[in-house]
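In: sharing a model prediction with you, sequence too.
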There are 2 protein chains.
Amino acid sequence: MNDKYTIAIVGATGAVGRTLIKLLEKSSLPIQELILLASSRSAGRKIDFLGNQLVVEETTDESFYGVDIAFFCAGGNVSKMYAHKAVESGAIVIDNSSYFRLEEDVPLIIPEVNPNALNNHKGIIANPNCSTIIMLMALKPLLNAANIKRVIFSTYQAVSGGGNQAISELEGQIRSYIEGENKEAKVLPVASADKHYQIAFNLLPQVDVFDEGYYTKEEWKMIKESHKILGTKEIGITGTCVRVPVFWCHAESLNIEFESKINREKAIELLEDFPGVKVLDKPEEQLYPMPLDFYNDDNVYVGRIREDNSLPNSLNIWVVGNQLRKGAATNALQIAELIVKKNLFVMDGINN
Amino acid sequence: MNDKYTIAIVGATGAVGRTLIKLLEKSSLPIQELILLASSRSAGRKIDFLGNQLVVEETTDESFYGVDIAFFCAGGNVSKMYAHKAVESGAIVIDNSSYFRLEEDVPLIIPEVNPNALNNHKGIIANPNCSTIIMLMALKPLLNAANIKRVIFSTYQAVSGGGNQAISELEGQIRSYIEGENKEAKVLPVASADKHYQIAFNLLPQVDVFDEGYYTKEEWKMIKESHKILGTKEIGITGTCVRVPVFWCHAESLNIEFESKINREKAIELLEDFPGVKVLDKPEEQLYPMPLDFYNDDNVYVGRIREDNSLPNSLNIWVVGNQLRKGAATNALQIAELIVKKNLFVMDGINN
């Protein structure tokens, strides 16, 4: 394997793609070349990378020759169409879409949580859902000390999770409100859905489309992906996903029931010792995590840690993480760094 | 008792007071005279009532002579100072502050939930916390069919709960954002607290001041007031209260564990049959309650009703209600209407 890597980003003009480009500028990953790919609509656009203007190219079957690591940051359809082509071309794919996440042969990785699942990858590695990553970063350190019986989540999800269009939609609705106009909603809750609702000054209790049992796909992602990443279906996980008029960071209110007691002090200690997690929890100083503070941050923040008054061995916590960073681009980049560190470029049946 | 009543509103210029004045215009309560009271700072202001300009007077010990029903819609300090004076003057006090809510002799009333607790009042009747009312309006119809073991709430609370100042603060921050300026936070999360944080595009996991066990007072209100209203401490209640950048309506994500099974269909039936509750829950048509839709509405809306995949006999639901209406002014007015209907003006030891 060479010591410098050719990297491709599919969906380079999207919210996650752009965040990843910025992160790659400061990453320790040795980069030979960065190839920016997108749909034909975005081809030709220029994006700055380390002072150079890179031209975005249209993604084709031939885009991946010579690529070592391909980050897929577009929708599931794009991953479906090109991920296997990329692997056949010799690239390792780190896919940010939900398309491959629950496939048996595809490791679903949060480097701090289940790094060893990466070892037997077959070329495609899935990056989990943003809300899943943020939740598990807070659960894993606690789980290391006491088995978890059940988790109930309520999410407060930023519009960045809906991509550039959703970010623009909130911005546009705010401007219209100030100008006394009314701007029609066209993107949220789901761009492809029949109905769209205003997000400014509103709450949308629908993230992604509806699925089995009246749950949304986002809710099932948090449940099923967590089970896969933690390697157990024994933990009961349920909850409700809600889009809120916040630009950048997701927040989650979690109630966690353990098999044995973890008090507040112990929980703080466990969380503080876990890489990528910071505790911000001093009620006497009104210190707790708020989305506005973590626009430019890779950590997941935990606060409002309290023993649950309603049930023994339970805690309530409040978690905030940047959806585009640790919830997406940062986690994908960490997977790439782990592949390099562990030299996992040689795979079962595939050599590149 | 006369057939027309003299009504006083203390805190008439506040967000709840103004809402109550509007509701009184359309109420069936026969009104002899409406007296608007406030602090000396607001005295002299004029407020329209049924086409007449009423002048706001300063609240004093003498304000309540001849008053039949006094609504207190100012803070706990004002209730502490004047509520007993009002009762001594012969008025029945309906207090919207938290000051008397947990006192043994003071009924804490949601007319649809515990109307009979009103019967033995001693002159002061407390109106519950807004989030408590909205939660219990959804729980009570379910509780009528199966005992509840445990409830976990996560709230999404509008700025209107912080009064006129908090509403102006969100509005001002939005304007500043559009104008590219930065407007210092001065009101939220708690006006009297040391630190204030931006609410626009943010989430504040603190509603009211911090109290015992690292819970906020708002969280304890939801727990303790619910126990008092439902007449049992056997129901485990816990959760997290969060302020969100929404103007008017509170929302709550609730997980409810029952002693026996209530499925989705049964829950919908029970909720639809309960006065003041509407079910809005058609995922196939993307129908669910959203705060923006209920600016002018007295009902509590329930949607996203699902059997909990993690535990038998449990449901997840999503509840939205107008904090200033059913969460405050509407409920207070309903208490007054119930007093008139039941002719509860003659009290134990007090006749007026």
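Out: Right, received. Where do you want to start? Residues are numbered from 1 along each chain as shown, chains lettered A, B, ... in the order given.
In: mean confidence for stretch A:342-352?
Out: Model confidence over stretch A:342-352 averages 64 on the pLDDT scale.
In: so what's the residue in the stretch 51-200 of chain A that chain B sits nearest to bridging to?
Out: When distances are taken as Cβ to the nearest Cβ, the stretch 51-200 of chain A reaches nearest to chain B at A:Ser154, 3.5 Å away. Using the backbone N, CA and C atoms, a C-beta is placed for each residue, glycine as well. Beta-bridge pairing of A:Ser154, defined through DSSP bridges, involves A:Thr240, A:Ser253.
In: neighbours around it, how many?
Out: Counted with other Cβ atoms under 10 Å in any protein chain shown, the burial measure for A:Ser154 works out to 29 neighbours.
In: mind listing what it touches?
Out: A:239-240, A:242, A:252-253, B:154, B:253 (Cβ atoms under 8 Å, 6 or more residues apart in numbering or on different chains).
In: quick check, nearest of the residues you listed to A:Ile110?
Out: Of all the contacts of A:Ser154, the one with the least separation from A:Ile110 (Cβ to Cβ) is A:Glu252, at 14.9 Å.
In: what about the closest residue to chain B within the stretch 251-352 of chain A, distance to A:Ile235?
Out: In the stretch 251-352 of chain A, the residue found nearest to chain B is A:Ser310; the distance is 3.1 Å by Cβ to the nearest Cβ. When distance is defined by Cβ to Cβ, to the nearest Å, A:Ser310 is 19 Å away from A:Ile235.
In: A:Glu33 now?
Out: Taking Cβ to Cβ as the measure, A:Glu33 and A:Ile235 are separated by 43 Å.
In: more crowded one of these two?
Out: Set side by side, A:Glu33 and A:Ile235 show more neighbours around A:Ile235, with 19 against 13, by other Cβ under 10 Å.
In: what sits against that one?
Out: The contact partners of A:Ile235, taken as Cβ under 8 Å, 6+ apart, are A:148-151, A:226-227.
In: ok so, going back, let me have the contacts of A:Ser154 in JSON lines, extended by distance to A:Ala328 and pLDDT.
Out: Shown next, in JSON lines, are these (distance: Cβ to Cβ, whole Å; pLDDT from 0 to 100):
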{"residue": "A:Gly239", "distance to A:Ala328": "20", "pLDDT": "98"}
{"residue": "A:Thr240", "distance to A:Ala328": "22", "pLDDT": "98"}
{"residue": "A:Val242", "distance to A:Ala328": "19", "pLDDT": "98"}
{"residue": "A:Glu252", "distance to A:Ala328": "16", "pLDDT": "98"}
{"residue": "A:Ser253", "distance to A:Ala328": "21", "pLDDT": "99"}
{"residue": "B:Ser154", "distance to A:Ala328": "23", "pLDDT": "99"}
{"residue": "B:Ser253", "distance to A:Ala328": "24", "pLDDT": "99"}
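In: packing partners for the helix or strand in which A:Ser79 is found?
Out: Counting by DSSP states H and E, the secondary-structure element that holds A:Ser79 is helix A:76-88. Packed against helix A:76-88, as judged by 3 or more Cβ pairs under 8 Å, 6 or more residues apart in numbering or on different chains; DSSP states H and E, are the following elements: strand A:5-10, strand A:69-72, strand A:92-95, strand A:124-126.
In: okay, the angle between that helix and strand A:5-10?
Out: Compare the direction of helix A:76-88 with that of strand A:5-10 by axes from the mean of the first three to the mean of the last three Cα atoms, to 10 degrees and you get 160 degrees.
In: re earlier: switch the helices and strands packed on helix A:76-88 over to TSV; also include distance to chain B, mean neighbour count and mean pLDDT.
Out: Formatted as TSV, the entries for the helices and strands packed on helix A:76-88 read as follows, by distance: least, Cβ to the nearest Cβ, whole Å; neighbours: other Cβ atoms under 10 Å in any protein chain shown; pLDDT from 0 to 100:
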stretch	distance to chain B	mean neighbour count	mean pLDDT
strand A:5-10	27	25	98
strand A:69-72	28	28	98
strand A:92-95	26	27	98
strand A:124-126	22	25	98
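In: can you give the domain ranges for chain A?
Out: Domains of chain A are assigned by automatic domain parsing as A:5-127+A:328-342, A:132-323.
In: all strands for the stretch 101-250 of chain A, in order.
Out: Under the criterion DSSP state E, counting those that start in this stretch, the stretch 101-250 of chain A carries strands at the ranges A:124-126, A:148-156, A:236-240, A:249-258.
In: now those as JSON lines including distance to A:Val55?
Out: Supplementary listing: those in JSON lines, determined by distance: least, Cβ to Cβ, whole Å:
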{"stretch": "strand A:124-126", "distance to A:Val55": "27"}
{"stretch": "strand A:148-156", "distance to A:Val55": "38"}
{"stretch": "strand A:236-240", "distance to A:Val55": "43"}
{"stretch": "strand A:249-258", "distance to A:Val55": "32"}
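In: nearest to B:Leu102, of those?
Out: Of all those, the one in closest proximity to B:Leu102, counting by Cβ to Cβ, is strand A:249-258 (24.4 Å).
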